[in-house]
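Engineer: what shape does this take:
(2 chains)
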Amino acid sequence: MQKKFGGSAIFLDRSDINTDEIIPAKYLTEVTKEALTPYILEDLTLAGFDPQGEELKNATVVVSRENFGCGSSREHAPWVFEVNDVHTVIAESYARIFRQNMFNCGMLAIELPKEAIDQLMALQQSGQVEVAVDLDGQQITAKAGSEKKQFSFEISQFDKALVKAGGWVEFADARY
Amino acid sequence: MGKTLAEKIFDAHLKDEPFPGTKVLGLDRVLCHEITTPVAIADLVWRNKDRVFDRDKLKVVIDHVTPSKDSKTATQAKILRDWARRHEIPDFFDVGQNGVCHAIFPEKGYIRPGFTVIMGDSHTCTHGAFGAFAAGVGTTDLEVGILKGVCAFREPASIRINLNGSLSRGVFAKDVILYVISQLGVNGATDRVIEFRGPIVDEMSMEARMTLCNMAIEAGGTSGVCMPDMTTVEYLWPFIQDEFASKEAALEDYRQWVSDADACYDKVLDIDVSNIEPQVTFDYKPDCVKPVSEMSGTPVDQIYIGTCTNGRIEDLRQAAEILKGKTVASSVRGIVSPATPKIFKDALAEGIIQIFMDAGFCVTNPTCGACLGMSNGVLAEGEVCASTSNRNFNGRMGKGGMVHLMSPATAAATAITGVITDARTL
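Structural biologist: You can find the predicted model right below:
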């Protein structure tokens, strides 16, 4: 079943945010996704960011820069987003394993060029940014106050099929 | 147009191309450890699909936290152990026989040229040293691999890195790969296979080639690969001697995987290693690399020698050569973790363990342990570790801790002085 995408955005304005920062290794001893819930982005140190803050609690979209999700292969990184209702990540680029893990879980790792991310980040000045995702039309609409921006994005046919199927297990099980 | 090693392996393993550019490959090996596999097992059970596609192609080890340190890690180990027994997986390595996955699986001869290998571990790229396509994946890919024996990948472009010249005394594979990462950047090889080529690689042992390939992921690479040659055959010979009439016959067969001379590359880098000095990382990204001479004198609190990058016998020999007759500085603590029981036994037989213990090192059992801050040497806030591992992320070995990556020789020299030290100056 397809997940819900879009919603309130939080901005992590740094490249190379790694999976250790998204979910520290000490929590990899958990054997359920739900148990990871309180530890989202716990080790990320970034000016203005509070892993315990309301902004993160309310967010369902993460916007970031280059090479998002680099490092460890731990799917606990997409899982900790999933259990916190963050089903959409928008970034300039991704590490391969993290990107695949997102789609494999039926979630969206959307890639936008630097200029588009710059515009999304700038939109924060007009208030809380709300993102709507049109998967079929491959378009993102971001609104803050009276400001509104639209961006088209590319997604491979395979990744789109995974999102529609609800993930790789569902897709593979139906096909292989 | 010729083909790269990765393209040849993809062609030979292609099961399906559901969409243009997406290749679903049949798998020769699905490797499993206790951190990323239990959730896959639980999901398979929940889906009423608790099956394995081929028990002989699954290789299973408990390695990240072993023996278990608490109830949670004991539960993870138990889930994996019970599953391996339930499916009668013959190659399962538990306490007493277990070692770091990327050291023990090659050592057992499980990885062969031309193989496709996945594991729920980013450093799976290590196995490309044997001329295999080996990629780290997440738990969902692992789960489908266990159940169906397939995995989907994008068409792989390759970056060819020619390592030319000659290595100076005291400069090792670790120094070369740190230098290469500093040139590529942490995402310079994303969605690419890194081919390590040239006379330097030709002369390297399999251990050194594994050190190179191990860190391909630190530049974003899907897999690192070396071309199979007589060194590969010699290493594998105890395991393949019944398959081939002679070593020459094995080499002839393995040559089919070597990249063609006219293969197409995304990028070709020529690096003369002759002027490379021992290297060390600063800051919190593996592409932040400097010559040790520019960092010498930096105080550290702990030395950690081991891991899937540098916990093999050759690494321990290099460290022991520096440590022989010396003692660890009173300001630091030294920890060495031979990566497998065989390496531990070989190190005992060669007197290497004696040298480490006489120097004041703590010798641990084979495990991933402190590398990812899980056990056996976690750092406290503000502490600094000189480590032979592969990641220097902020807090990697413990919240608030700092990691400097380096070769075993540099780590040993640093243990003696208590500050980052070029072993050639001792």
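Engineer: now B:Cys125: how far from B:Lys247?
Structural biologist: Distance, B:Cys125 to B:Lys247, using CB to CB, to the nearest Å: 27 Å. Glycine gets a C-beta too; all of them are placed from N, C-alpha and C.
Engineer: and those two? Which one has more around it.
Structural biologist: B:Cys125 (32 against 15; other CB atoms under 10 Å in any protein chain shown).
Engineer: wait, isn't that one in contact with B:Gly221?
Structural biologist: Yes: look at B:Cys125 against B:Gly221 with CB atoms under 8 Å: they come within range, at 6.2 Å.
Engineer: show the contacting residues for B:Asn164.
Structural biologist: By CB atoms under 8 Å, 6 or more residues apart in numbering or on different chains, B:Asn164 lies in contact with B:Gly198, B:Pro199, B:Ile200, B:Asp270, B:Ile271, B:Asp272, B:Val273.
Engineer: which of these count as buried?
Structural biologist: Buried members of the contacts of B:Asn164, scored by 16 or more other CB atoms under 10 Å in any protein chain shown, are B:Gly198, B:Ile200, B:Ile271, B:Val273.
Engineer: between those residues, which is nearest chain A?
Structural biologist: Nearest to chain A among the buried ones among the contacts of B:Asn164 is B:Ile271, at 22.6 Å by CB to the nearest CB.
Engineer: quick check, that closest one in a strand?
Structural biologist: Yes: the assignment for B:Ile271 by DSSP: H, G, I helix; E, B strand; the rest coil puts it in a strand.
Engineer: rewinding a little: near chain A, list only the ones from the contacts of B:Asn164.
Structural biologist: Among the contacts of B:Asn164, no residue lies close to chain A (CB under 8 Å from any CB of the partner chain).
Engineer: could you dump those residues to CSV with pLDDT and distance to A:Val163?
Structural biologist: As requested, these are exported to CSV (pLDDT from 0 to 100; distance: CB to CB, whole Å):
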residue, pLDDT, distance to A:Val163
B:Gly198, 98, 42
B:Pro199, 98, 47
B:Ile200, 98, 44
B:Asp270, 98, 42
B:Ile271, 98, 40
B:Asp272, 98, 46
B:Val273, 98, 45
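Engineer: ok, is the worst-scoring helix or strand of chain A on mean pLDDT in contact with chain B or not?
Structural biologist: When the helices and strands of chain A are scored by mean pLDDT, DSSP states H and E, helix A:168-175 comes last with a mean of 94. Yes: part of helix A:168-175 sits near chain B under the criterion CB under 8 Å from any CB, namely A:Trp168, A:Val169, A:Ala172, A:Asp173, A:Arg175.
Engineer: longest strand of chain B?
Structural biologist: strand B:157-164 (DSSP state E).
Engineer: that one pairs with which strands, parallel or anti?
Structural biologist: Strand B:157-164 pairs in its sheet with strand B:192-197 (parallel), strand B:267-272 (parallel), by DSSP bridges.
Engineer: packed most tightly, which of those would that be?
Structural biologist: Of all the strands paired with strand B:157-164, strand B:192-197 has the most neighbours on average by mean count of other CB atoms under 10 Å in any protein chain shown, namely a mean of 26.
Engineer: what's the pLDDT at the residue minimising distance to the centre of chain A?
Structural biologist: Of all residues in chain A, the one closest to the mean position by CA atoms, centre = their mean is A:Val89, 2.1 Å from it. pLDDT for A:Val89: 98.
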